[in-house]
Structures are given as C-alpha cells and as structure tokens.
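Q: build me a model from this:
(2 chains)
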Amino acid sequence: MRVGIMSMAHMHGRSYAAALKSLPGVEFTGIADHDAERASSTAEHYGVKAFASYDELLADKPDAVIICSENINHRPLTEKSATAGVHVMCEKPLATTIEDGLAMIAACKTAGVQLMTAFPCRFSPATVRLRTGILDGRLGKILAIRATNRGKCPYGWFVKKGLSGGGAVIDHTVHATDLMRWLLGTEVVEVYAEIDNKLLHQDFEDTGFLTMEFSDGVFATLDTSWSRPTGFPTWGDVTLSVVGDKGVVSLDMFSQNLVHYSNKTGAVTWEPWGSNVDELMVAAFVDAIRTGKPVPVTGEDGLRAAAVALAAYESAEKCMAVAPASF
Amino acid sequence: MVKVALVGAGGMASIHARGYAALPNADLKGIMDIRPDVARNLANPLGAKGYSNFEEMLSEIEPDVVDVSVPTPFHIDYVLAALKSSAKAVIVEKPMARTVADCRRMIDAATDAGKPLFVAHVLRFFPEYAEARRQVLNGAVGNPATVRMRRGGQFPMGWENWYGKTEWSGGVPLDLIIHDFDWLRWTFGDVTRVFAKALSSKSTDEYVSRDYALVTLRFESGVVAHVEGTWADPGGFKVAFEIAGDDGLLEYNFNQPASPTLLAALVTDPDQRVGVPVPDSPVAVNPYQAELEHFLHCLETGEKPIVSPEDGLAAVAIAEAANESAKTGKPVQLSGGAR
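A: Reported below is the predicted structural model:
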C-alpha cells in the first residue's frame, strides 16, 4: 500500500504522517503542499519525498492519499485525486458547503474510488466500548445525550472564513455529531444554535451551543466552543453523557493522562497515555483500501455532520430551529 | 506457531489463556489444574485440552512454552520441572517465587538449561506506567527525588483462600505492591534500603485478609519512594502515583483525579432504579496480551526481554525486605537489588 499526504495545512496531518510511518506494509510516498516550504520541511521531518506539486504526487501513482488542506481546498484536491483513480481520506469537516460535499462524493463514485472522512473518535477504544454497550441494550432505550467538543482557538487559517468556512462551529460540530449519529443510527432533523464571539472578541465565532433533535426523538446538546484558555492543560475535550431508560453512561475520551507540573515552563499539562486514535483510524483506512472493503466512515457521514454545522449558522442567523439540508 | 501449555486455571491463568487465544502466533494446546473440571471449563471454549496432571500434559503436547500461573508457592516446582522438559522457554507469573532463594534456584536452572525464563511483571506493559517512565527518563521532572505510589482495593478471592495465608501469598508486599516495586526499579534503579509497616506482620493470618502495607524505599540514586498497598479498601480497585523532581511533578490519579474515561451507572433493580457506577478505561491493546506477545517475540527472535529473571528476583527481594522490616521494626539494607 502506497499512501501520500496532500497538504499539511491541518495539524492532524502530522499525526497521520507518523501513523503512515509506523504501520507495517505501508509505504508513505511523500508530501505535496501548495506551501512549498511546508512540504519540504515536513517531508524532511518524516524522511519522505517532497513533491513539487499535487499532480506530481499523483503521477507517482499512490494507492491512496490523505488530504489535510484548509477546508475549502478539500473539494479540488479530492476531485483531482479521484480523477487520477486514487482513494481518498479527507480531513474533517468534509466540506464547507453542501454543494462541495456532494461534488466530492460524486467525483469519487464516478471514478470508482473510496472516500473516507477522518473521524478518529470512532476508533477510540472507549467509544467503541460505549457503542457496544449501547447495542447490547444494557443502557436500554437512548433518550438524550449531552456532548462537548471544546478546545483552544487554533488561529491561523482556522479563523479565516474564506479558508475554513467559519470558526468554532464548523471546526468542532462534526466530531461529536458524527459520534451521536453513529451511536443512535438516526439522523439529525432539527438544529438550534446560539453563536457568539465574546471569548476572544474577534471577527469569527468562538462560541457555539447547539441543540439537536434526531429523527427518533432523541435530543442532544453540543458545546463546540473554543472556550479553553491558553493555560488549559491540553488541547480540549470530547465528552458524551448518554441518558438511557436503564441508566447513564459518560465518556471522557481524552482523560487518559498524566498531569505534568513543570518548573521549566511554569505550566501544568496533561500528557496522554491512551491509545493513539489517529493511528487506529489510518490503519482502518489502509486496511479497507487494501482489502477492498468499504471504508468505515464514508463521505456521506462527513457531509451529514457538516450539514449540522451549516444548519447551526443558519439557525443562529434566523433565531429559530432549522432542519439540516437533506440530500 | 508457538505451542503453549498453561499451568493453572485460576484468575491470572484465565487472563493469560485469553491472551494466548487472541495472539496469532500462539497455539494454546493445554491447560492444567489440580481441579480437573476448572481446567476443562477454561480450556474447552478456547479449543485447548484440560489436564489435571502436569507430566501428562507435557508429554502429550510437547509445548514450546510452559506458562506457570498458579499460586505463588507452587511456582518453584513447576518452573524447575518445565525447565527440565523439552520446552524451549518458561513464563512465570509474578511474584517470581515465594522466596529470594527460590528465585535464585530458578535462575540457576534456567542458566544451566540455556533457556529463557520470562517473569510476567505486567505493569511494564500498562501504557500509563510505560508513559510515566518515558516522561521521567526524558527529564519531565528533572532529577527525580520523591515518588509516591498506591495500589489496592478489596481482598481478592482465590483457591483455598491462598491470598489470606501469609506463608503462601506473602501478603500485600509480595503479592500486590511487588508490581510497584518492579516498576520503581525499572524506572529509578536499584533499592538500597527498605522500611515497612504491614498489618499482616502483626500476627497470624487474621489480618492478612485485610492486609495494608506502607513501605518506604531508598534508591541508590537517592530517590525516596513510598508505596501504599491495600486489601482493606472495599471501595474498589484503584492505583495512583506521583513523581516529584527538581524540575517538576508528574501525577496520576492522586492530586487531580481525571474523569473516568467511561463511567456506566446502569439500573440493577428496576423497581428501585438503583445501580453502581462502574468506571472503565479501555485501551486498544490489552497489557496482558502485549506482555505475552513480547515474550513470544523474544523467544522467536532471541531478543532480550524487557524483564530479566534477575529483575524478578530483585522485586521479590524488595518485598521480602519489606516483610522482614515490618516484622522486626528495623530498616533492611539491600545491595545491587538483593541482599
């Protein structure tokens, strides 16, 4: 299996690169980036080739690519790869408009290649166990979910709407929304959102409180805010509290940490020891492409979750609950 | 494919059995226990055969590996017999043996036979402990100075209440916090001095079933460590540690308990709607399975395991010193890991 990476604009690309290096039977072909300096520095770091262009990377005939560009470039890079007959795993959010997402899905379908959305939370041993418990019926009927995916503001292109499609809402709605869709097996039918910028006082939203209803009547809230201060001991969190008619289960996906108090930096940080979910996800992608099985998270999954974020913006603007786009 | 014969079908043996069943290069052929039905019940669902006679199992299976996971005082005889058999390697559950003298006999026998003897100090394969050691060696706390560790919960139930018999289990110092003793040696080097208090030292077996031990260790490097071990806490099993140095502090579960990764509270009585919250912290690879995989890998490649037989002996020596100190009220000196 030969896999390349298109753009390192998103920091998750570094984690996927490390996974490609460590997985047996995988050849990490190299990195292309419209930022040539970033391509050469990251390629040097991982000991792989820096391609001069995306076309050159594809001309090298990889089996698959991982796309970690700015959000708005997901579409052109996916279309280019599909045309070259190369399978794609695309960083989340899949797209910043429904139109772009549908075009990506159609391009891959037409070319006969697979499109996976990078949702690593599905590969956490804790979420897998939570879902198994739910499917075993031990929690009874699911009634409601309280979710958070809070973080620190990543700045850079993430806060430039022309590159990212928005702020905290487009960045952090999709992970937890995907987890809830995956747990429930139903779709979001209604979204209400309160959005604001009173944490950082900039021209992008840093606050997003979403309320959703699913087609089976389950309701949920999700906090997508960049509300963790710079001194917070880690990047953020993913938590779910699931209420069923036979009990409750809470999940704190990134709580497997050692707490580190340092004299050198004067800071308190959390050093993770839990399983590497990015590596588990890349392994699942590679395995699906290698064996010809369907990828475990599809482009449709990615677009459904993105549609909830887009509906949140619409709701906040209209001050009313709205339905996510149907497709 | 490595043919495995497992001696014992109790608590830890069951964990090892499932570990082998999940490993692609292990073929668990037989499980032996003096209780034939217990051996059969564990073996059959895993596609192995149950035995109640050790020699019979070895002559029928001709295993590559014999895994000894029986109560501690019985390790010595099975390990010595397995080293004499045609098996290529022996795995022994921690503690390596009931006494340092027995550990030495095992090491001599393994050396004579020219066979690897793997001591199952599984804590080295727990990701939180492995990461803590990595952080310490990377200088996260500077030069380490003080270490506090905690381990324990309810009193464990075993065959013939063997944990409750000091002569068999060695109480909390030998059976339970030997995990921490081994991790401490792995991370901070050899121990020079041990001072300990333990309820089990006070009298007969009366206290063992709620043994509680507080052990202070002094290391050659100057590090001072404190280990608390308990079978007296009905509140559920819990571990914790902190490592302080001249440049920082690394902490797990002591000062800042993180949320449980998973916490399920499910109704057990529908009328009362009551249930007990059960925390869980799953990881992708089971540490017990990772440990056995490592040992089989070492057998196949000839690589040195991360736990040597001398490490197994040194951990027993610390536990033995702790029990002696608890009895005499005096500190016990160790040199080079053993007296």
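Q: rest of the way, CA atoms for contacts and neighbours
A: Noted.
Q: got the residue ranges for the strands in the stretch 101-250 of chain B?
A: Counting by DSSP state E, counting those that start in this stretch, residue ranges of the strands within the stretch 101-250 of chain B are B:117-120, B:144-152, B:191-198, B:212-219, B:224-230, B:238-245, B:248-252.
Q: and for the stretch 201-327 of chain A?
A: Taking DSSP E, counting those that start in this stretch as the criterion, the stretch 201-327 of chain A carries its strands at A:207-214, A:219-223, A:239-244, A:247-252, A:257-262, A:268-272.
Q: which of these sits closest to B:Val278?
A: strand A:247-252 (9.3 Å; CA to CA).
Q: orientation of the closest one relative to strand A:239-244 in degrees?
A: 170 degrees (axes from the mean of the first three to the mean of the last three CA atoms, to 10 degrees).
Q: just list what strand A:247-252 packs against, helices and strands only.
A: Judged by 3 or more CA pairs under 8 Å, 6 or more residues apart in numbering or on different chains; DSSP states H and E, strand A:247-252 is in contact with helix A:125-135, strand A:239-244, strand B:262-266.
Q: name the SS class of A:Ala144, please.
A: With DSSP: H, G, I helix; E, B strand; the rest coil as the basis, the three-state label of A:Ala144 is strand.
Q: what bridges to it?
A: With DSSP bridges as the criterion, the beta-bridge partners of A:Ala144 are A:Phe219, A:Val243.
Q: can you list the strands of the stretch 201-327 of chain A in CSV and add mean neighbour count, distance to B:Phe74 and mean pLDDT?
A: Conversion of these to CSV gives the following (neighbours: other CA atoms under 10 Å in any protein chain shown; distance: least, CA to CA, whole Å; pLDDT from 0 to 100):
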stretch, mean neighbour count, distance to B:Phe74, mean pLDDT
strand A:207-214, 22, 59, 95
strand A:219-223, 22, 56, 94
strand A:239-244, 21, 47, 93
strand A:247-252, 22, 42, 92
strand A:257-262, 23, 37, 95
strand A:268-272, 19, 39, 95
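Q: got those strands as TSV, with distance to A:His34 columns?
A: Putting those into TSV (distance: least, CA to CA, whole Å) gives the following:
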stretch	distance to A:His34
strand A:207-214	31
strand A:219-223	33
strand A:239-244	35
strand A:247-252	37
strand A:257-262	36
strand A:268-272	32
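Q: A:Ala50 is nearest to which of these?
A: Proximity to A:Ala50, assessed across the strands of the stretch 201-327 of chain A by CA to CA, is greatest for strand A:268-272 (30.4 Å).
Q: what lines up beside that closest one in the sheet?
A: According to DSSP bridges, strand A:268-272 has these partners: strand A:257-262 (antiparallel).
Q: out of the helices and strands packed on strand A:247-252, nearest to B:Lys202?
A: In this view, the helices and strands packed on strand A:247-252 are compared for proximity to B:Lys202 by CA to CA, and strand B:262-266 is the closest at 38.2 Å.
Q: can you tell me the closest non-neighbouring residue to the residue nearest the centre of chain B?
A: To find the centre residue of chain B, average its C-alpha atoms and take the closest one (CA atoms, centre = their mean): that gives B:Lys94, at 4.1 Å. Taking CA to CA, 6 or more residues apart in numbering or on different chains as the measure, B:Lys94 lies nearest to B:Ala120, with 5.4 Å between them; neighbours along the chain are not counted.
Q: kind regards, and thank you for your time.
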